[in-house]
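>>> please find the sequence and the predicted model below.
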Amino acid sequence: MDIKILGSNCANCRTLTARVDQALKELSLNATLEKVEDIPRIISYGILATPGLVIDGKVISQGQVQTLSRLKEILLAARQGAPA
């Protein structure tokens, strides 16, 4: 699984990154987690608000910091190839 957090180094972006990392650890999932701060790269995903959450090239959320429990649901669904 390839996960990207899109956004500057704002508090919400840092919080989302930490929660995704925690969810991955708690679920014992292997994934690459990348923080994307490059504005042209962020724009290329077509998001209108940060932070953005991208899993395997698909924008999952934007402008929200998902709860830990919601992130776990999203990650498990992504692992199974189901819509979150």
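Thanks, I have the structure now.
>>> which strand or helix spans the residue located most distally from the centre of the chain?
For the chain, the residue at maximal distance from the C-alpha centroid (Cα atoms, centre = their mean) is residue 40, at 17.8 Å. Residue 40 belongs to helix 39-44 when assigned by DSSP states H and E.
>>> the next helix or strand after that helix - what's its average pLDDT?
Moving toward the C-terminus from helix 39-44, the next helix or strand (DSSP H and E) is strand 52-55. Taken as a whole, strand 52-55 has a mean pLDDT of 98.
>>> likewise for stretch 28-41?
On average, stretch 28-41 scores 95.
>>> in that stretch, what's buried?
Residues of stretch 28-41 classed as buried: 31, 35, 36 (neighbour count, 16 or more other Cβ atoms under 10 Å). C-beta: built from backbone N, CA, C; applies to glycine.
>>> how about those in TSV, adding secondary structure and distance to residue 10?
Formatted as TSV, the buried residues of stretch 28-41 follow (DSSP: H, G, I helix; E, B strand; the rest coil; distance: Cβ to Cβ, whole Å):
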residue	secondary structure	distance to residue 10
31	coil	22
35	strand	11
36	strand	13
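>>> between those, which is closest to residue 57?
Within those, the smallest distance to residue 57 is 12.4 Å, found for residue 36 (Cβ to Cβ).
>>> can you name the residues bridging to the residue most central in space within the chain?
Residue closest to the average C-alpha location in the chain (Cα atoms, centre = their mean): residue 53, at 3.0 Å. Judged by DSSP bridges, the bridge partners of residue 53 are residue 5, residue 61.
>>> please tell me how far it sits from residue 81.
17 Å (Cβ to Cβ, to the nearest Å).
>>> residues near residue 14, how many?
16 (other Cβ atoms under 10 Å).
>>> meant to ask about residue 13
There are 20 residues near residue 13, going by other Cβ under 10 Å.
>>> same question for residue 78.
Neighbours of residue 78 (other Cβ under 10 Å): 20.
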